[in-house]
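Engineer: need a 3D model of the sequence below.
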Amino acid sequence: SDQVRHEPFLLPAQFEWSELDIDDEKELHEMYHLLTHHYAEDADNRFRCNYSVDFLRWALSVPRHLKQWHLGIRVVKTGALCALITGSPAT
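Structural biologist: Prediction:
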């Protein structure tokens, strides 16, 4: 689409963009770990999302999904996944 930015935003030198493959079990488990252990909680620390690996696979593999819409940010030195941005087609 013409409304989708084609050039990635620049990141600080210690980070890099990474396309994430939801068909790769290792990468899917990295996404699960990031969300399970680092997802924002409410102010009272009573609510934390705990999506299962199977739920993530299902939610991110909707019909007509685009692999390039599953992006991560990794630490260059270690390769650790530290951020996750995903999108799904609305139609």
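Engineer: ok, Ser88 - contacts?
Structural biologist: Ala59, Leu60, Val62, His65, Trp69 (C-beta atoms under 8 Å, 6 or more residues apart in numbering). Any C-beta I mention is one placed from the backbone N, CA and C, and that applies to glycine too.
Engineer: residue contacts, Leu20?
Structural biologist: With C-beta under 8 Å, 6+ apart, Leu20 has these contacts: Glu27, Glu30, Met31, His70, Leu71, Gly72, Leu81, Leu84.
Engineer: nearest residue to it other than its sequence neighbours?
Structural biologist: His70 (4.4 Å; C-beta to C-beta, 6 or more residues apart in numbering).
Engineer: ok, Thr36 next?
Structural biologist: Thr36's closest residue in space is Asn50 (C-beta to C-beta, 6+ apart), at 5.7 Å.
Engineer: that neighbour against His33, yeah?
Structural biologist: No. In this structure, Asn50 is not within contact of His33 by C-beta atoms under 8 Å, at 11.4 Å.
Engineer: comparing these two, which residue is more hemmed in?
Structural biologist: Between Asn50 and His33, counted using other C-beta atoms under 10 Å, His33 has the larger neighbour count: 13 against 10.
Engineer: so how far is Val62 from that one?
Structural biologist: 22 Å (C-beta to C-beta, to the nearest Å).
Engineer: could you do Val75 as well?
Structural biologist: For Val75 relative to Val62 (C-beta to C-beta), the value is 29 Å.
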